[in-house]
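Participant: no sequence on hand, only this structure:
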């Protein structure tokens with residue numbers, strides 16, 4: 001096969017990435033269920049280490065991550081002057097988990113040579129989150145009537161849904177062979193747009 005074909009990762013890496021995305025979207029912001037996302041993150045990190053240590057895969061370190069690390073260091077230093085150190089430390093610990101996993105995810109996508117699977121995973125996770133939210137009664141609705149979904153925050157949920165709209169519209173525009181896929185993409189975008197309205201989020 002071609003060099004591009006050889007670069008594609010096996011199904012195990014894709015399943016690990018899918019598991020991580022789904023557990024983050026569905027469980028990481030719900031009390032008592034965050035352990036699932038952490039376990040999925042560890043599994044993804046394990047695959048990353050296996051690829052770099054055992055197979056000698058080159059790590060991709062773009063300038064954006066270097067700037068992000070510099071920003072994080074500045075944030076740590078400035079946070080030492082915060083009025084509420086406990087809250088600040090909790091946020092820094094969260095970022096210290098999120099940034100490495102974002103770095104791992106982007107490297108896996110570069111190694112795969114194709115990011116379509118990742119974007120479709122985002123859409124699938126958003127769809128499942130949306131269905132759970134709609135069918136969950138008042139469990140995912142705030143006192144003000146705004147939907148906050150499985151992400152526990154109306155703005156965060158709206159951001160996920162807005163990303164789903166963008167991806168689905170891109171699929172609808174770019175897909176040339178299947179009318180069914182285009183129709184599903186448009187319907188999914190409409191569903192996401194409806195939920196964005198229900199969140200009441202100006203950010204969304």
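Facilitator: Good, I have the coordinates. Since the model is a prediction, treat every value here as computed from it, not as a measurement.
Participant: C-alpha only now, for contacts and for neighbours.
Facilitator: OK.
Participant: count of neighbours near residue 56?
Facilitator: 10 (other CA atoms under 10 Å).
Participant: same check on residue 147?
Facilitator: Residue 147 - counted by other CA under 10 Å - has 29 other residues nearby.
Participant: try residue 35
Facilitator: 15.
Participant: quick check: it touching residue 28?
Facilitator: Yes. If you go by CA atoms under 8 Å, residue 35 and residue 28 touch, sitting 7.4 Å apart.
Participant: what about residue 148, distance to residue 199?
Facilitator: Per CA to CA, to the nearest Å, residue 148 is found 6 Å from residue 199.
Participant: got any residues that touch both of those two?
Facilitator: 154, 155, 157, 158 (CA atoms under 8 Å, 6 or more residues apart in numbering).
Participant: what about those, which are in strands?
Facilitator: Using DSSP state E, no member of the shared contacts of residue 148 and residue 199 sits in strands.
Participant: got a winner among those residues for most neighbours?
Facilitator: Busiest of these [other CA under 10 Å] is residue 158, holding 27 neighbours.
Participant: burial measure for the closest residue to that one other than its chain neighbours, as a count.
Facilitator: Closest residue to residue 158 apart from its sequence neighbours, by CA to CA, 6 or more residues apart in numbering: residue 204 at 4.6 Å. Other residues near residue 204 come to 19 when the count uses other CA under 10 Å.
Participant: same check, this time on residue 62
Facilitator: Residue 62, neighbours per other CA under 10 Å, totals 9.
Participant: name the residues of stretch 46-53 that are buried.
Facilitator: By neighbour count on 16 or more other CA atoms under 10 Å, the buried set for stretch 46-53 is 47, 48, 51.
Participant: okay, the residues you listed in JSON lines with secondary structure and pLDDT next?
Facilitator: Formatted as JSON lines, these follow (DSSP: H, G, I helix; E, B strand; the rest coil; pLDDT from 0 to 100):
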{"residue": "47", "secondary structure": "helix", "pLDDT": "93"}
{"residue": "48", "secondary structure": "helix", "pLDDT": "93"}
{"residue": "51", "secondary structure": "helix", "pLDDT": "90"}
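Participant: which residues in the protein form helices?
Facilitator: For the chain, helices defined by DSSP state H occupy the ranges 3-7, 11-26, 34-49, 63-79, 85-112, 116-135, 154-174, 179-199.
Participant: let me see the mean pLDDT of the first one.
Facilitator: Helix 3-7 shows an average pLDDT of 48 in the prediction.
Participant: how about the longest one?
Facilitator: The average pLDDT within helix 85-112 is 84.
Participant: what are the buried residues along it?
Facilitator: Within helix 85-112, the residues scored as buried using 16+ other CA under 10 Å are 88, 101, 104, 105, 106, 107, 108, 109, 110, 111, 112.
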